[in-house]
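A.B. asks: Take this sequence and fold it.
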Amino acid sequence: MVDLDVVVVGAGFAGIYAVHALRSAGLTVRAFEAGSGIGGTWFWNCYPGARCDVESKDYSYSFSPELEQEWSWSERYPAQPEVLRYLNHVADRFGLWPCIQLNTRVTAAEWDGERSEWTVTTDDGASRTARFCVMAVGCLSAYQVPSLPGLETFAGPWYHTSRWPREGVDFTGQRVGLIGTGSTGIQVAPEIAAEASHLYVFQRTANFAVPNRNRAVDPEWERAFKADYRDYRKQAQESFLGVPITGTGRPALAEPAADIQQNLMEKWQAGGGMPFLGAYTDVLVDRAANDIVAEFMRDRIRETVADPSVAELLCPRAYPVGAKRLCQSDDYFAMFNLPNVTLVDIRSAPVASVYAGGLRTADSDYELDALVFATGFDAISGALNRIGIRGVGGVPLTEKWAAGPRSYLGMAAAGFPNMFIVTGPGSPSVLSNMVLSIEQHVDWIRDCVVYLGSHGYSTAEAKPSAEDAWMAHVTEVAYSTLFPLADSWYVGANIPGKPRVFTPYLGGVGPYRARCDEVAAAGYEGFVLD
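C.D. replies: Residues are numbered from 1 along each chain as shown. Presented below is the predicted three-dimensional model:
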């Protein structure tokens with residue numbers, strides 16, 4: 001007899017809600033979390049400056065109207081400590097702690113076809129059996145450090161932003177090298193510059209960034225907004241990105257040039273990446289329209305950075321704006337006007353090695369006391385590939401995904417019955433409001449599990465033909481946009497040797513939800529139910 005109905009792997013936003021939703025459906029459930037606290041990405045990424053780039057009113061659970069009304073966010077864009085407090089409040093309020101086991105990393109999950117159950121093994125040597133396995137490991141949890149010759153000889157400390165010391169780091173009086181200028185690097189750099197005697201920012205790829213315009217939440221605004229929270233959530237579910245935004249609804253190429261500049265400036269002054277990219281309908285599908293927006297953003301960099309040569313190095317040119325994750329910061333570009341900050345172009349002079357006293361590029365040596373890596377993640381599939389998952393016939397998931405991650409609807413993989421993935425490859429995931437997408441996935445998974453039980457089925461497995469058709473659709477949609485033109489982590493380009501597959505679904509949150517609902521209404525079309 002199985003120990004549990006469901007094992008959940010991970011206790012971030014996805015795992016926490018999975019525990020609540022599945023338990024509320026009368027199922028026995030246990031979540032295993034490697035960290036010493038809940039929060040997932042928001043537990044581990046406690047580097048200075050860590051902040052969500054989705055507004056707090058959106059980046060929060062919608063499953064409980066009471067929770068919505070009770071919790072008050074302090075800022076427009078929540079910082080990491082506040083997100084973590086929120087998640088702990090949710091676990092407290094709904095009594096989830098008895099179903100969550102901390103300090104426990106899942107190392108293997110193996111399907112037993114004869115018993116129709118999963119055996120899940122943890123790093124303490126224990127194992128549990130369950131009818132279903134829900135992978136809530138997160139899209140951005142498997143961090144990666146670049147392989148730099150000589151790193152082991154570096155005399156000073158080095159840190160990765162995704163495993164920042166919980167007691168913090170004091171860089172006062174130190175010469176610090178920062179490698180990585182994506183979302184995390186852009187957030188952490190100004191914080192380090194405020195302490196360090198000198199900060200060297202080693203930039204391989206310049207990145208676009210819009211202002212946050214972060215501010216405290218006004219109590220009067222909050223009261224008025226909460227009065228219509230339910231209607232707002234409904235709009236979010238039907239929207240393209242999982243966040244209702246107001247755009248023109250028109251293509252930029254049909255607008256007078258002066259009107260475009262005025263509209264973009266209004267969006268720029270208001271702050272936020274989603275409203276900015278959503279100003280016009282053709283920005284992410286037409287290169288000419290995209291170039292207009294990109295040049296507008298480059299002009300803002302030139303206005304901000306005093307040294308013209310530094311400003312030009314900071315101006316992205318190698319890819320369309322939005323094709324890589326659009327960063328947000330109020331002070332990153334202005335930071336380069338400080339006398340203790342130096343931008344180092346490692347595109348033209350790559351990093352050659354690390355030595356005891358610093359870092360060597362192709363043309364210079366940089367004496368350093370500390371190194372910081374903001375080099376991101378093996379995104380979406382990386383955390384799953386690091387677990388020894390074996391499906392029908394003992395086939396490893398890594399073998400199935402050798403040519404790139406594949407799934408049906410982003411939630412199920414052929415050959416892996418009763419295993420569901422929350423915001424997996426082929427779902428809107430990282431190109432949507434993650435919390436809303438998480439809730440939609442978990443609700444769908446819960447309903448599927450309940451349906452199987454009430455109809456006398458023991459297993460559900462995605463059909464290979466359904467998986468093939470879905471991934472072909474995901475690819476077709478992606479290549480109708482400008483996204484594949486960038487060497488981004490969306491395609492795995494940041495991981496040496498990783499197959500280049502565009503992983504997120506770009507068809508929109510609303511249409512995706514509708515398709516998932518159609519599959520369920522048709523008796524889980526595309527699945528073999530046994």
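A.B. asks: backbone phi and psi for L343, please?
C.D. replies: Main-chain torsions, L343, degrees, to the nearest 10: phi -90, psi 130.
A.B. asks: Please give me every residue in contact with it.
C.D. replies: Contacts of L343 were listed using Cβ atoms under 8 Å, 6 or more residues apart in numbering, and they are V201, Q203, V310, L313, L314, F336. Placement of C-beta: from N, CA and C, glycine included.
A.B. asks: Of the residues you listed, just say which sits nearest to G388.
C.D. replies: Q203 (37.1 Å; Cβ to Cβ).
A.B. asks: Quick one: neighbours of the closest one, just the number.
C.D. replies: 19 (other Cβ atoms under 10 Å).
A.B. asks: pretty sure it is touching V341, no?
C.D. replies: No: using Cβ atoms under 8 Å, Q203 is not in contact with V341, being 11.8 Å away.
A.B. asks: unless I'm mixing things up, G138 is touching G10, no?
C.D. replies: Yes: with contact defined as Cβ under 8 Å, G138 counts as touching G10 (6.0 Å).
A.B. asks: Flag every buried residue along stretch 347-364.
C.D. replies: V351, A352, V354, Y355, G357, G358, L359, R360, T361 (16 or more other Cβ atoms under 10 Å).
A.B. asks: tell me which of those residues is nearest to A521?
C.D. replies: Closest to A521 out of the buried residues of stretch 347-364 is V351 (53.5 Å), distances taken as Cβ to Cβ.
A.B. asks: Pretty sure the closest one sits against F202.
C.D. replies: Yes: counting by Cβ under 8 Å, V351 touches F202, with 6.7 Å between them.
A.B. asks: Against K498, how distant is the nearest residue to L482 once chain neighbours are set aside?
C.D. replies: Leaving out its chain neighbours, the residue that sits closest to L482 by Cβ to Cβ, 6 or more residues apart in numbering is P320, at 4.2 Å. Distance, P320 to K498, using Cβ to Cβ, to the nearest Å: 22 Å.
A.B. asks: Out of the two, name the residue with the larger neighbour count.
C.D. replies: P320 (24 against 18).
A.B. asks: There's contact between the more buried one and R287 in this structure, I believe.
C.D. replies: Yes: using Cβ under 8 Å, P320 is in contact with R287, at 6.5 Å.
A.B. asks: list residues touching both of these two?
C.D. replies: L482.
A.B. asks: So which residues of the stretch 151-300 of the chain form helices?
C.D. replies: 183-193, 219-226, 229-238, 257-270, 273-277, 287-304 (DSSP state H, counting those that start in this stretch).
A.B. asks: Keeping just the C-alphas, turn the shortest one into CSV.
C.D. replies: Taking only C-alpha atoms (Å, rounded to 0.1, in the frame of the first residue of the first chain), the coordinates of helix 273-277 have been written out as CSV:
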residue,chain,number,x,y,z
GLY,A,273,8.6,46.0,-18.1
MET,A,274,5.3,44.4,-19.0
PRO,A,275,3.5,47.7,-19.7
PHE,A,276,6.5,49.0,-21.6
LEU,A,277,6.8,46.0,-24.0
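A.B. asks: residues in contact with that helix?
C.D. replies: Here helix 273-277 has contacts from 53-54, 210, 241, 243, 245-247, 264, 267-268, 283-284, 293, 321-322, 326-328, using Cβ under 8 Å, 6+ apart.
A.B. asks: Low-confidence stretches in this protein?
C.D. replies: Within the chain, no range satisfies pLDDT under 70.
A.B. asks: what lines up beside the lengthiest strand in it in the sheet?
C.D. replies: The longest strand of the chain (DSSP state E) is strand 127-135. Paired with strand 127-135 in the same sheet, following DSSP bridges, are strand 4-9 (parallel), strand 117-122 (antiparallel), strand 419-421 (parallel).
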